[in-house]
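Asks: Got a predicted model here, sequence first, then my questions.
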Amino acid sequence: MTSALFSKLGIRIPIIQAPMAGVSTVRLAAEVCNAGALGSLPLGTSTAEQAMTQIAEMRALTDKPFNVNVFCHRPAQSDAEREARWLAHLRPHFDKLGAAPPESLKEIYKSFVEDEAMLEVFLSQRPAIVSFHFGLPSQRYIEALKAAGIILMASATTPAEARLIEQAGIDVIVAQGVEAGGHRGVFDPEQGDAGIGTFALVRLLAKSSTLPIVAAGGIMDGQGIAAAMALGASAVQLGTAFVLCPESSANAVYRGLFRSEHVHRTELTDAISGRSARGFMNRFVTDIGASGHPPIPDYPIAYDAAKALTAAAAQKGVQGYAVTWAGQGAALARELPAADLVNVLAEELAAARRH
């Protein structure tokens, strides 16, 4: 069914460029679309006004359909005592950098579940696809988007989450394996993370769901794409594979990690943002998030503190705090322009299918 949806939209290659907030750019997404795959705009960290601007910029660069992604996390609950304890935990790191921690923390991103302005942007602009991460919005939002003719996708990390997606009337499930870089899409982190791998999850969903499945996590080349599709996926979503493209906003430090011994070591941590996410090893993993730390503020309040600390470190030229999301297949990343990468992936997929 995903193949049918893609064909209807004129998308000839079953590849989705993951909406990587802080790394993806409008140009990257447009180049992917123009190459025949599906580019994505990460709008989970954007205001409605910023989203409107990015959609306009995207349409100036491509006439192809594209995906916009939003976060549907539970809105943060501020807890002044917990946030003060977390800042006290971080203070020694600020002190070493000769910087002062923030006096208080704030919710820096608004969840789509309560963002009526963002909903209105989508209803007026009608992007081809809207995708959800961290959960689902209200049924009212879902029905409004569907009535506007928008195709809906949502991430699932377990069969139980996939059932909720199907029951809500979403069109496509993105099966996010634990290998994936960036934030885990777990609906309710308080219930824990099952940690299911991509291929196992794709197979479980292929057996239990009637919806088309997009495989996400650890897939970096055409052989991986072919394997995922052989297990029941109709398409794949790749994020880490696009980080080294010149169109991404990854800085020199981030890019350098792909050429270092750290490329084979990624870890999950919730100490950066308040929600579990996979990236290259840094001080948040080895020190700040080590056993015995105080309770972490809600997502994305904790992220406010992390951004202040990483900015202070960057100003001093200290690299150990950089937030560099990456999946377990990072060593397979290639430094190619986005369009060239899409074409190489398509050629590799065709070759893998012939064999």
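Replies: Looks like it came in fine.
Asks: Please count neighbours and contacts with C-alpha atoms only from this point.
Replies: OK.
Asks: Just the endpoints, please. Distance across stretch 185-194?
Replies: 11 Å (Cα to Cα, to the nearest Å).
Asks: Stretch 178-198 too?
Replies: End residues of stretch 178-198 are separated by 7 Å (Cα to Cα).
Asks: Give me the residues contacting it.
Replies: With contacts defined as Cα atoms under 8 Å, 6 or more residues apart in numbering, stretch 178-198 is touched by 20, 73, 133-135, 155-158, 161, 175-177, 215-218, 239-240, 275-279, 325-329.
Asks: Any buried residues in that stretch, and which?
Replies: 178-187, 193, 196-198 (16 or more other Cα atoms under 10 Å).
Asks: coming back round to it: now, which of the contacts of stretch 178-198 lie within helices?
Replies: Members of those lying in helices (criterion: DSSP state H): Glu161.
Asks: Any of the contacts of stretch 178-198 buried? List them.
Replies: If we count by 16+ other Cα under 10 Å, the contacts of stretch 178-198 have these buried: 20, 73, 133-135, 155-158, 161, 175-177, 215-218, 239-240, 275-279, 325-329.
Asks: what's around the closest residue to Tyr141 other than its chain neighbours, how many residues?
Replies: The spatial neighbour of Tyr141 that comes closest, neighbours along the chain excluded (Cα to Cα, 6 or more residues apart in numbering), is Leu119 at 7.3 Å. Neighbour count for Leu119, taken as other Cα atoms under 10 Å: 18.
Asks: Can you name every helix or strand that the host helix or strand of Leu119 contacts?
Replies: Assigned by DSSP states H and E, Leu119 belongs to helix 116-125. Contact here means 3 or more Cα pairs under 8 Å, 6 or more residues apart in numbering; DSSP states H and E; on that basis helix 116-125 packs against helix 48-61, helix 139-147.
Asks: Return the set of buried residues in the first one.
Replies: Buried positions in helix 48-61, judged by neighbour count with 16+ other Cα under 10 Å: Ala48, Ala51, Met52, Gln54, Ile55, Met58.
Asks: how about the strands in the stretch 51-200 of the chain?
Replies: For the stretch 51-200 of the chain, applying DSSP state E, counting those that start in this stretch gives strands covering 67-71, 129-133, 151-156, 172-176, 182-183.
Asks: care to break this protein down by domain?
Replies: 1-75+110-249+333-355, 76-108+259-331 (automatic domain parsing).
Asks: possible to save these as JSON lines with mean pLDDT?
Replies: Shown next, in JSON lines, are these (pLDDT from 0 to 100):
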{"stretch": "domain 1-75+110-249+333-355", "mean pLDDT": "96"}
{"stretch": "domain 76-108+259-331", "mean pLDDT": "97"}
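Asks: tell me the most buried of those domains?
Replies: The highest mean neighbour count among these, using mean count of other Cα atoms under 10 Å, belongs to domain 1-75+110-249+333-355: a mean of 20.
Asks: Quick one: distance of that domain to the chain centre.
Replies: Here domain 1-75+110-249+333-355 is found 8 Å from its chain centre; the criterion is Cα atoms, centre = their mean, to the nearest Å.
Asks: picking that back up, I'd like the helices and strands packed on helix 116-125 written out as TSV, with distance to Pro102 added.
Replies: Putting these into TSV (distance: least, Cα to Cα, whole Å) gives the following:
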stretch	distance to Pro102
helix 48-61	25
helix 139-147	35
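Asks: Quick check: which of those is nearest to Arg82?
Replies: Smallest distance to Arg82 across these (Cα to Cα): 29.8 Å, for helix 48-61.
Asks: So which elements touch that closest one?
Replies: helix 26-34, helix 116-125.
Asks: pull the CA atoms of that helix into PDB?
Replies: The C-alpha coordinates for helix 48-61 follow below in PDB (Å, rounded to 0.1, in the frame of the first residue of the first chain):
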ATOM      1  CA  ALA A  48       3.800  27.800  13.400                       C
ATOM      2  CA  GLU A  49       5.400  30.900  11.800                       C
ATOM      3  CA  GLN A  50       8.700  29.100  11.200                       C
ATOM      4  CA  ALA A  51       6.800  26.100   9.800                       C
ATOM      5  CA  MET A  52       5.000  28.300   7.300                       C
ATOM      6  CA  THR A  53       8.300  29.800   6.200                       C
ATOM      7  CA  GLN A  54      10.000  26.400   5.800                       C
ATOM      8  CA  ILE A  55       7.100  25.000   3.800                       C
ATOM      9  CA  ALA A  56       7.200  28.100   1.500                       C
ATOM     10  CA  GLU A  57      11.000  27.700   1.100                       C
ATOM     11  CA  MET A  58      10.500  24.000   0.300                       C
ATOM     12  CA  ARG A  59       8.000  24.700  -2.400                       C
ATOM     13  CA  ALA A  60      10.400  27.200  -4.000                       C
ATOM     14  CA  LEU A  61      12.900  24.400  -4.400                       C
END
